[in-house]
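What shape does this take:
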Amino acid sequence: MSSKKSSQSSSDHTSDETVALINSENKMSTKIVPVGSEPSKMVDQDAGQGAGLQRQIGLIGTIAILVGTIIGSGIFASPASVSSQMNSPGGSLVVWAGCGVIAMLAALSWMELGCMFPNKGGGEYAYIYAAFGPLPAFLFAYVNVLVTRPASLTIISLTCGDYLMRAFNVQNHENFQYNKLVAALLLAVILIVNCLSVKWATLMQVFFTAAKMIAIVMLIITGFVRLGQGHDEHFKNAFNGTNTGISDIGYAFYGGLWAYDGWNNLNYVTEELKNPIRDLPLAIMIGIPLVTGCYVMVNVAYLTVMSASQIATEKAVAVTLGYDIYGTMAWVIPLLVACSTFGAANGSAFTSGRLVYVSAREGHMPRLLAMVHKKRHTPLPALIFTCVIAWIMLIPESSNFSTLVNYFNFAAWTFYGATVAALLWLRYKEPDLERPYRVFIGVPILVLLCSVYLVVAPFYDYPLESFYCLLFILLGIPVYFIFVHFKLFPNKVYDGFDAMTDFIERKCNLSMPGVDQKDEVDEIDKQKKEQQLAMQPLKTSTDQI
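Next up, the predicted model:
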């Protein structure tokens, strides 16, 4: 955290006016507004073309980020958790389709929020901040920056390493230490590419999204061929033995929704989309139904080879199908799954870095993390911070790590519920704000009810684990008041952090985009006034003629 002196200047800077140069095609005028104000007046980060994040992502890249971050390891591993909870093929397919419906309804709500905040990245953080203020927003950043998003990135990287070693038939692929080493190297590659160029990271995302779609299409074609050959025995009496317990259904949806996780990731990068008002809704309308259809059909393909009980015991369902069907070409499946998970890891790192960057820009994380490389326009410190935490999470044993992730699995839906509540509150509090897209009010209400169910259900069977997670979230309250609000450490501590931050800023060619942006906009205003004064005599003489 910065020093009290620096934090005061940061606070003053937060209250300073910065320019919102809003694109006229979005029907927003150029206004001077405070940072963190209401949605229609959010700062346009494209105003300063010097050191800030740039609008470099088009529609294809937008769809690739959405689809690429959703389709990761979940569809190749989560079928086991869904099948084990539902205990029937019919029940499992209903859960997979239901998860897609929930993801779509939630994404429609996020679409409204994203178009209200087209120039504000950070996803849920920005929306919770706008509706409920800094403390709830800090709690979201505290949990997601330090635990949930790095943990998700680590899981995906470990899965990618496992499938990569399977593809090349590495004999020690089940050795968790080898897996950790490969995962660490993959994270290093992702970090380097994302630090060097937004364009390179986006192109890599497009490439690996194409690779994962090839894997999905292969599995779907396999399913249709086997159905045509009469392998439909697992679909008879499809709902016999279905578990109907509240906790069983809740945990089945947890497993399925893990595979859909990423449906909200576009909202973290809205200030880097070339045309967020157009591309965000298009990507959601195309991407999520596409993913839902693929997921249901892939599960049908699994059921043409294995029963629901067999799927429930398989750790790598897609690989098992590959060995049963493709014979000597079975290595193709784990290779494509590795490509899929690598693309998901790349997208996760890309969006997680933006959350760190935005929360630091608002003063909720160290000032260094809000800086951007002057030439490459990438949030380099935020990306490094995210990957370092992910590397640290590689240290625990697999069992301990999995337990940690399970503890915080319901935290995501806690904040999803808070975000939907923010949408509803803004509808009531600010009814006249410009909303390019306005979702039917029943949609966010239904998503809120689903969120409440997914948060409450784990307390029924796993009260202790859920309590630990809730306790960790609540511990963020004293952290906020100690480190952010009151800044209770001695001034020398903060001065030391400031000196280190300034040194790194100079040596690494970094800058604070907001400061550069304000200076540049002031210069633009000055030039406009000079041009207007220069044109006045010419206009007068022309009128006289």
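
what about Ala238, neighbour count?
Ala238 has 16 neighbouring residues, counting by other Cβ atoms under 10 Å. In short, each C-beta sits where N, CA and C put it, glycine included.

Just give the nearest non-adjacent residue to it, would you?
Spatial nearest neighbour of Ala238, chain neighbours left out: Gly90 (3.2 Å); criterion: Cβ to Cβ, 6 or more residues apart in numbering.

Please point out which parts of the helix or strand where the one you found lies sit buried.
Per DSSP states H and E, Gly90 falls inside helix 89-116. Residues of helix 89-116 classed as buried: 89-100, 102-116 (neighbour count, 16 or more other Cβ atoms under 10 Å).

what distance separates it from the middle of the whole chain?
15 Å (Cα atoms, centre = their mean, to the nearest Å).

for this structure, which spans come out with low pLDDT?
Counting by pLDDT under 70, the chain has low-confidence residues at 1-52, 171-175, 398-408, 514-545.

how about the strands of it, start to end?
For the chain, strands defined by DSSP state E occupy the ranges 17-20, 31-34, 372-373, 510-511.

residues making contact with the third one?
Contacts with strand 372-373, where a contact means Cβ atoms under 8 Å, 6 or more residues apart in numbering, come from 51-53, 195, 357, 378-380, 508-513.

Can you convert those residues into TSV and add a column each for distance to Ile333 and neighbour count?
As requested, those are exported to TSV (distance: Cβ to Cβ, whole Å; neighbours: other Cβ atoms under 10 Å):
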residue	distance to Ile333	neighbour count
Ala51	44	23
Gly52	42	25
Leu53	37	21
Cys195	32	19
Tyr357	37	28
Thr378	34	23
Pro379	35	32
Leu380	36	23
Cys508	42	15
Asn509	44	14
Leu510	43	20
Ser511	46	17
Met512	47	20
Pro513	43	24
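
Now render the residues you listed as CSV, adding distance to Ile395.
Output for those, formatted as CSV (distance: Cβ to Cβ, whole Å):
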residue, distance to Ile395
Ala51, 35
Gly52, 35
Leu53, 32
Cys195, 23
Tyr357, 25
Thr378, 27
Pro379, 25
Leu380, 24
Cys508, 27
Asn509, 32
Leu510, 29
Ser511, 33
Met512, 33
Pro513, 34
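
Just the residues you listed: which are in helices?
Among those, DSSP state H puts 195, 357, 380, 513 in helices.

now, among these, which is nearest to Gln85?
Tyr357 (37.2 Å; Cβ to Cβ).

number of nearby residues for Phe239?
By the measure other Cβ under 10 Å, the count of residues near Phe239 is 12.

distance of it from Ala308?
11 Å (Cβ to Cβ, to the nearest Å).

which residues do those two both contact?
Common neighbours of Phe239 and Ala308, using Cβ under 8 Å, 6+ apart, are Ser88.

what's stretch 277-285 in contact with?
Under Cβ under 8 Å, 6+ apart, the answer for stretch 277-285 is 25-26, 57-59, 62-63, 65-66, 104, 107-108, 110-111, 114-115, 118, 266-267, 270, 273, 436-437.

do that again at 10 Å, thanks
Around stretch 277-285, the neighbours that count as contacts under Cβ atoms under 10 Å, 6 or more residues apart in numbering are 23, 25-28, 57-67, 103-104, 107-108, 110-115, 118, 263-264, 266-267, 269-270, 273, 275-276, 436-437.

so Ala312 touches Ser83, yeah?
Yes. Ala312 is within contact range of Ser83, at 4.1 Å (criterion: Cβ atoms under 10 Å).

of these two, who's got more company?
Ser83 (29 against 19).

Let me see the contact set for the residue lying closest to Ala382 once chain neighbours are set aside.
Using Cβ to Cβ, 6+ apart and skipping the chain neighbours, the partner closest in space to Ala382 is Val356 (3.8 Å). With contacts defined as Cβ under 10 Å, 6+ apart, Val356 is in contact with 122, 125, 141, 144-146, 149-150, 364-366, 369-370, 379, 381-386, 389.

Which of those fall in helices?
125, 141, 149-150, 381-386, 389.

between those, which is nearest Phe415?
Of all those, Tyr125 has the smallest distance to Phe415: 9.1 Å, by Cβ to Cβ.

Next one: the closest one relative to Arg149, how far apart?
Relative to Arg149, and taking Cβ to Cβ, Tyr125 is found at 11 Å.

Also Cys469?
Distance, Cys469 to Arg149, using Cβ to Cβ: 15 Å.

Ok, Phe486 next?
Computed as Cβ to Cβ, the Phe486 to Arg149 distance reads 27 Å.

quick one, which of the two is more surrounded?
The neighbour comparison of Phe486 against Arg149 (other Cβ under 10 Å) goes to Arg149, with 23 against 10.

Enumerate every residue touching the spatially most central residue of the chain.
Note on the chain: the residue nearest the mean C-alpha position is Asn265, at 3.3 Å, using Cα atoms, centre = their mean. Contacts for Asn265 (Cβ under 10 Å, 6+ apart) come out as 65-66, 68-70, 110, 123, 344, 347-348, 350-352, 354-355.

same thing with Ala141?
Counting by Cβ under 10 Å, 6+ apart, Ala141 has contacts 122, 124-125, 128-129, 134, 355-356, 358-360, 362, 364-365, 415, 476, 480.

Chain neighbours aside, what residue packs nearest to it?
Closest to Ala141 by Cβ to Cβ, 6+ apart is Ser359, at 3.9 Å.

Wait, the one you found touches Val143, no?
No. Counting by Cβ under 10 Å, Val143 is not a contact partner of Ser359; they are 11.3 Å apart.

intersection of neighbour lists for those two?
By Cβ under 10 Å, 6+ apart, no residue touches both Ser359 and Val143.

more crowded one of the two?
Neighbour tally, Ser359 and Val143, criterion other Cβ under 10 Å: the higher count belongs to Ser359, 25 against 21.

if I look at that one, how far off is Phe503?
To Phe503, Ser359 is 23 Å away according to Cβ to Cβ.

ok so, going back, for the ones in helices among the contacts of strand 372-373, which one is nearest Val493?
Once Cβ to Cβ is applied, the member of those that ends up nearest Val493 is Tyr357, at 23.8 Å.

Go ahead and confirm that closest one touches Gly122.
Yes. Using Cβ under 10 Å, Tyr357 makes contact with Gly122 at a distance of 7.8 Å.

For burial, what's the neighbour tally of Phe440?
Phe440 sits with 10 neighbouring residues when counted by other Cβ under 10 Å.
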